[in-house]
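**Student:** sequence unknown, structure follows:
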């Protein structure tokens with residue numbers, strides 16, 4: 001049987017198209033980048049004039065969790081607002097673990113900044129370790145790193161909270177005045193609860209059996 005030339009050409013072309021179609025790889029669409037939710041730092045700091053927080057100090061044994069009240073109180077309050085270079089700042093004053101505390105602070109989106117524009121806290125840098133500038137180091141501290149994480153189960157006399165952001169500070173202490181050996185380290189931690197502010201602050205020299213904590217007992221937050 002003689003196959004018409006036109007039919008032969010058509011079949012050949014169909015086979016070629018079929019092979020070509022099979023040879024084309026399927027390109028999967030790239031997944032959309034994960035959207036980062038930026039929580040305002042203001043929701044965790046609650047820096048509004050008139051807001052105040054009162055804390056009770058405790059001596060805590062981390063191994064057992066046993067806490068003993070020290071019958072010492074600290075307090076922080078937002079005393080006033082001021083404007084620097086057309087930006088609104090809040091003056092936070094008081095004491096923290098018995099030491100005087102005063103800072104000009106402002107929030108911008110997810111960040112907390114000082115009067116020099118340095119970022120002190122950010123809700124978008126969770127899990128990132130950063131070196132603190134020398135100008136921000138407290139007295140007797142040689143160097144420091146900061147790490148912000150989300151944590152669960154913050155329990156203080158004022159109440160129990162399911163979640164908070166905790167900012168860890170790993171401080172390398174300068175030897176000498178306190179009789180500390182070289183390379184002594186201190187771990188401080190600040191626990192911020194959304195809609196409340198600072199709920200707890202703790203400090204412990206690495207290797208020491210006791211941690212000192214100040215825990216929120218009363219506050220007025222607007």
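**Tutor:** Arrived safely. Since this is a predicted model, take the numbers as computed values, not measurements. Numbers count the residues shown, from 1 in each chain.
**Student:** list the contacts of residue 48.
**Tutor:** Counting by Cβ atoms under 8 Å, 6 or more residues apart in numbering, residue 48 touches 78, 90, 221-222. Quick note: C-beta positions are derived from backbone N, CA and C, even for glycine.
**Student:** most neighbours of all these, which one?
**Tutor:** residue 78 (23 neighbours; other Cβ atoms under 10 Å).
**Student:** distance of residue 166 from residue 138?
**Tutor:** Using Cβ to Cβ, to the nearest Å, one gets 19 Å for the distance from residue 166 to residue 138.
**Student:** more neighbours, the two?
**Tutor:** residue 166 (17 against 13).
**Student:** quick check: beta-bridge partners of that one?
**Tutor:** In this structure, residue 166 bridges to residue 149, residue 191 when assessed by DSSP bridges.
**Student:** again, but for residue 204
**Tutor:** Listed beta-bridge partners, residue 204: residue 187 (assigned using DSSP bridges).
**Student:** check contacts around it.
**Tutor:** Applying Cβ under 8 Å, 6+ apart as the definition, the contact partners of residue 204 turn out to be 62, 186-187, 210-212.
**Student:** try residue 97
**Tutor:** 57, 74, 201, 203, 212, 214.
**Student:** what about the fourth one, neighbour count?
**Tutor:** Residue neighbour count, defined by other Cβ under 10 Å, stands at 17 for residue 203.
**Student:** once you drop chain neighbours, what's closest to it?
**Tutor:** Using Cβ to Cβ, 6 or more residues apart in numbering and skipping residues adjacent in sequence, the residue nearest residue 203 is residue 188, 4.8 Å away.
**Student:** and for that neighbour, the neighbour number?
**Tutor:** When neighbours are counted by other Cβ under 10 Å, residue 188 registers 19.
**Student:** ditto for residue 69
**Tutor:** Here the count is done by other Cβ under 10 Å, and residue 69 has 11 residues near it.
**Student:** gap between it and residue 52?
**Tutor:** 21 Å.
**Student:** what of residue 187?
**Tutor:** In this structure, residue 187 lies at 27 Å from residue 52, with Cβ to Cβ as the measure.
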